[in-house]
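S.K.: give me the fold of what follows.
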Amino acid sequence: MPTELNPQDLLVAASHRWGIEMTRLRSDLSLAGSPERTAWRSVVEAGDNRLFILEKIPSQVYSRKRRIAATLQWLSENGLHQIVTCLPDVDNETITLINAGMWHGLWQLSPYVAGINLDRPAYALDDWRGEAAAEFLIHLDNICKKHHAEPYNESFSIAVYCRTLFSTLTDQHPDIAAAFRPFMDHLEAHFFPIHDQLPMGFCHGDFHPLNIIWGQQDIRAVIDWEFCGSKPDIYDLANLLGCLGMEDPRSLTGAFSGRLIHCLRKANIFCDASWNALPDLTIAIRFAWLSEWLRKNDRPMIGLEADYMALLLKHRSKWIH
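M.R.: Numbers count the residues shown, from 1 in each chain. A predicted model of the protein is given here:
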């Protein structure tokens, strides 16, 4: 979105659509999560000093965004309060059309939740973060099981994803494919044959420390639910552990991960089959991160990912407490 456009036109139109007087953009406030998930976004301030996030939605993801908004509303109504729901407009729509010249498009509005920036990588030494993350996953699991529902049941197979990605990689970048073939061979032999038999559950889909808005000793909100849906029930734990270790491999056996796993084992929400699959699922999910480095043509990160997968594979029986 060009910065020279007059934001006042947008603020007037958005104020009309949501019935909230929006007075100015707050570009001085940072936003958590990935900016690539929307076409444009900013914190806006209302006349009563409340803060909101105003986001422009690409038209091709309109249907999915509406379903995600409905999912978050359902979760909130059933007791999961550490999420940010979209605010309905004057017509009770969570995504609205704004026709304001060059700002024309689909928009959504949600409350702005302030957080405390992570002290990276030292945060991995905080055991309270592991307990807080575990409590969130336990609460999410309990809500879905209590209501016998998966609020957004679009399924996803990491096995199909890895195979598709690796096939493309073999065709287009055979040198890179060669570096990752040992990990694919391992998954083909030990994980993919059992993938479809794993217990499924509703998962956030991208649960990692930067998609959590942290307070002093708690989680204020979990954001970026774009990849939510039905997955192996231990998927969110696998993704979180993988991200912790990528930042610093010592984090795999650090206080955050140790407390996280302890609390989840104590809660008994995952069966032995899920726990046994956890190391290999963690490796498989790293292929989704590899896809990000490939998309950005980030050769250093591609190399680092290969080194990290090698470490995960070598020590797969040791870092799950």
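S.K.: ok, and the closest non-adjacent residue to the residue nearest to the spatial centre of the chain?
M.R.: When the chain is reduced to its mean C-alpha position, the nearest residue by C-alpha atoms, centre = their mean turns out to be residue 206, at 2.6 Å. Closest residue to residue 206 apart from its sequence neighbours, by C-beta to C-beta, 6 or more residues apart in numbering: residue 227 at 4.7 Å. (C-beta placed from N, C-alpha, C; glycine too.)
S.K.: surely the one you found touches residue 202?
M.R.: No - under the criterion of C-beta atoms under 8 Å, residue 227 is not in contact with residue 202, lying 11.8 Å apart.
S.K.: list the contacts for the residue of the chain positioned farthest from its centre?
M.R.: The outermost residue of the chain, judged against the average C-alpha position, is residue 101 (32.7 Å), by C-alpha atoms, centre = their mean. With contacts defined as C-beta atoms under 8 Å, 6 or more residues apart in numbering, the neighbours of residue 101 are residue 9.
S.K.: measure it to residue 12 for me?
M.R.: In this structure, residue 101 lies at 11 Å from residue 12, with C-beta to C-beta, to the nearest Å as the measure.
S.K.: re earlier: which SS class is the residue nearest to the centre of the chain?
M.R.: Using DSSP: H, G, I helix; E, B strand; the rest coil, the structure places residue 206 in coil.
S.K.: so for residue 227 and residue 202, which residue has more residues nearby?
M.R.: The residue with the greater number of neighbours, taking residue 227 and residue 202 and applying other C-beta atoms under 10 Å, is residue 202; the counts read 24 against 19.
S.K.: give me the element that one is part of.
M.R.: Assigned by DSSP states H and E, residue 202 belongs to strand 200-203.
S.K.: model confidence over that strand, on average?
M.R.: Along strand 200-203, the predicted confidence averages to a pLDDT of 96.
S.K.: name the helices or strands packed onto that strand?
M.R.: helix 127-146, strand 229-232, helix 235-247 (3 or more C-beta pairs under 8 Å, 6 or more residues apart in numbering; DSSP states H and E).
S.K.: all strands for the protein, in order.
M.R.: Along the chain, the segments classed as strands by DSSP state E run 22-25, 40-46, 51-57, 96-98, 105-111, 200-203, 212-214, 219-222, 229-232.
S.K.: may I have stretch 45-53 as PDB, with CA atoms only?
M.R.: Listed next in PDB are the C-alpha coordinates belonging to stretch 45-53 (Å, rounded to 0.1, in the frame of the first residue of the first chain):
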ATOM      1  CA  GLU A  45      -6.300   5.000  17.500                       C
ATOM      2  CA  ALA A  46      -9.900   5.900  18.300                       C
ATOM      3  CA  GLY A  47     -11.200   9.100  19.700                       C
ATOM      4  CA  ASP A  48     -11.600   7.400  23.200                       C
ATOM      5  CA  ASN A  49      -7.900   6.300  23.000                       C
ATOM      6  CA  ARG A  50      -8.700   2.700  22.300                       C
ATOM      7  CA  LEU A  51      -6.400   1.000  19.900                       C
ATOM      8  CA  PHE A  52      -7.300  -1.400  17.000                       C
ATOM      9  CA  ILE A  53      -5.600  -3.200  14.200                       C
END
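S.K.: how about residues contacting that stretch?
M.R.: Contacts made with stretch 45-53 from outside it, assessed by C-beta under 8 Å, 6+ apart, are listed as 20-26, 29, 31, 41-44, 84, 87, 109-112, 114.
S.K.: try 6 Å
M.R.: When contacts are defined by C-beta atoms under 6 Å, 6 or more residues apart in numbering, stretch 45-53 is touched by residues 20, 21, 22, 23, 24, 26, 43, 44, 109, 110, 112.
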